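Trainee: Provided below are the primary sequence and the corresponding predicted coordinates.
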Amino acid sequence: MGKDSNKRKSFFIAIRRCSSLVMVAVMLGISNIILEEDRSVNDTRVKTEVLQTVDDSEDVD
């Protein structure tokens with residue numbers, strides 16, 4: 001009966017460890033999704049702006 005109890009105990013420990021790993025992976029994935037959404041909303045990359053220049057020689061009549 002002692003061996004059966006040890007097998008059962010090790011089985012539940014393995015199940016608990018696997019479920020813990022799955023939960024950590026899901027939480028990490030959700031964290032990455034939230035971080036990516038935050039980056040896309042508050043994008044801090046340098047943006048290229050096109051400046052419109054006015055030629056002074058065209059205004060002379």
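Mentor: The structure has been received and is ready for your questions.
Trainee: Would you mind giving the secondary structure of residue 53?
Mentor: Judged by DSSP: H, G, I helix; E, B strand; the rest coil, the three-state class of residue 53 is coil.
Trainee: for stretch 7-27, the distance to its chain's centre please.
Mentor: 24 Å (CA atoms, centre = their mean, to the nearest Å).
Trainee: which residues sit against it?
Mentor: Defining contact as CB atoms under 8 Å, 6 or more residues apart in numbering, one finds that nothing outside stretch 7-27 touches it. C-beta: built from backbone N, CA, C; applies to glycine.
Trainee: Could you measure from residue 27 over to residue 40?
Mentor: Using CB to CB, to the nearest Å, we find residue 27 at a distance of 21 Å from residue 40.
Trainee: Where does pLDDT dip in the chain?
Mentor: Filtered on pLDDT under 70, the chain yields the residue ranges 1-2, 41, 43-50, 58-61.
Trainee: Could I get the full set of helices for the chain?
Mentor: 2-41 (DSSP state H).
Trainee: Report the central residue of it.
Mentor: The chain has residue 32 as the residue nearest its centroid, 1.2 Å off, counting by CA atoms, centre = their mean.
Trainee: and that one, what is it in contact with?
Mentor: Going by CB under 8 Å, 6+ apart, residue 32 touches no other residue.
Trainee: how near is it to residue 38?
Mentor: The spacing between residue 32 and residue 38, counted by CB to CB, is 11 Å.
Trainee: before we move on, what about residue 19?
Mentor: For residue 19, the distance to residue 38 equals 29 Å [CB to CB].
Trainee: With residue 5 instead?
Mentor: 49 Å.
Trainee: same question, residue 56
Mentor: 45 Å.
Trainee: Kindly report the same for residue 21.
Mentor: Counting by CB to CB, the gap from residue 21 to residue 38 is 26 Å.
Trainee: coming back round to it: higher neighbour count, residue 56 and residue 38?
Mentor: residue 38 (10 against 7; other CB atoms under 10 Å).
Trainee: where's that one relative to residue 29, distance?
Mentor: 15 Å.
Trainee: One more: residue 19?
Mentor: According to CB to CB, residue 19 and residue 29 sit 16 Å apart.
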